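K.L.:
Okay, here's the prediction I keep looking at, along with the sequence it came from:
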Amino acid sequence: MIKKQTWLLLAVFLALAGAAIYFKYNPKEAAPASRDATPLPTRAPTEYLFPTESAVASLTVSSRDGKIVGLELQDGKWAGVKPAETEADQASVGAAISQISAIVVLARLDLRPADAGLASPANVITVGFSDGAFVKVQIGDETPTGTGYYARKENGNILVVDKYGIDALLTLLTSMPFPAPPTPSPLPPTDTPAPNGSETPVPTATKSP
């Protein structure tokens, strides 16, 4: 006759085996997220001042006091077109052009243009692209923190844009990326012809009698 303890152990074994089989074929569903759980913050995509899809084909930078620099990509090289047509320093122009696609919009503000220095912009930057599009941006005052400029595109919203990239473009106005005009060579010396005829005699003084 089987002992009572043996029956008890057998019952426990069967219960455990049954539970294992149940959970194998009926996996526990994940608990639904609590409605009170705080969602993780999502990072807003970076907004750039100029389009980044097309290559830059031209650049014009002008100032309120009348200075202007115009550049165009011609046959794979940058050339000056304003204030005059001339060759351009490829290294300095290339360094400035590379900043165009990296200028970030830091904020959008609800300001009056006059409060941001945009009623009469200090500078205007116009960028032309290989797809034929042009983007014109007015540049106003520096922000109080000194890390950006107030800017506006086509009379749109007031923006705060990255100062470093804008400064790289504005520097073209003070450091013209054009070669200095050649210094004219001095004229060769010419021989002075000797005067014709004999020298004029110098009169001598005579004593009075």
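P.N.:
Everything's here; your move. Numbering: from 1, shown residues only.
K.L.:
CA atoms for contacts and neighbours, from now on please.
P.N.:
OK.
K.L.:
quick one: low-confidence parts of this structure?
P.N.:
By pLDDT under 70, the low-scoring segments of the chain are 1-43, 177, 179-209.
K.L.:
One more pass at 80, please.
P.N.:
Applying pLDDT under 80 to the chain flags residues 1-44, 155, 176-209.
K.L.:
Show me the strands in it, by range?
P.N.:
56-63, 68-74, 77-82, 86-87, 105-109, 123-129, 134-142, 148-153, 158-162 (DSSP state E).
K.L.:
Only alpha carbons, please: show the longest one as CSV.
P.N.:
Right, the one you point to is strand 134-142. The C-alpha coordinates for strand 134-142 follow below in CSV (Å, rounded to 0.1, in the frame of the first residue of the first chain):
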residue,chain,number,x,y,z
PHE,A,134,17.4,81.5,-54.0
VAL,A,135,17.1,82.2,-50.2
LYS,A,136,17.5,85.7,-48.9
VAL,A,137,18.1,86.3,-45.2
GLN,A,138,18.2,89.6,-43.3
ILE,A,139,20.6,89.8,-40.4
GLY,A,140,19.8,92.0,-37.5
ASP,A,141,21.4,92.5,-34.0
GLU,A,142,23.3,90.1,-32.0
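K.L.:
What residues of it count as buried?
P.N.:
Buried residues in strand 134-142, counted by 16 or more other C-alpha atoms under 10 Å: 134, 136-142.
K.L.:
Could you export those as TSV, including distance to G117?
P.N.:
Output for the buried residues of strand 134-142, formatted as TSV (distance: C-alpha to C-alpha, whole Å):
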residue	distance to G117
F134	23
K136	16
V137	13
Q138	10
I139	8
G140	4
D141	5
E142	9
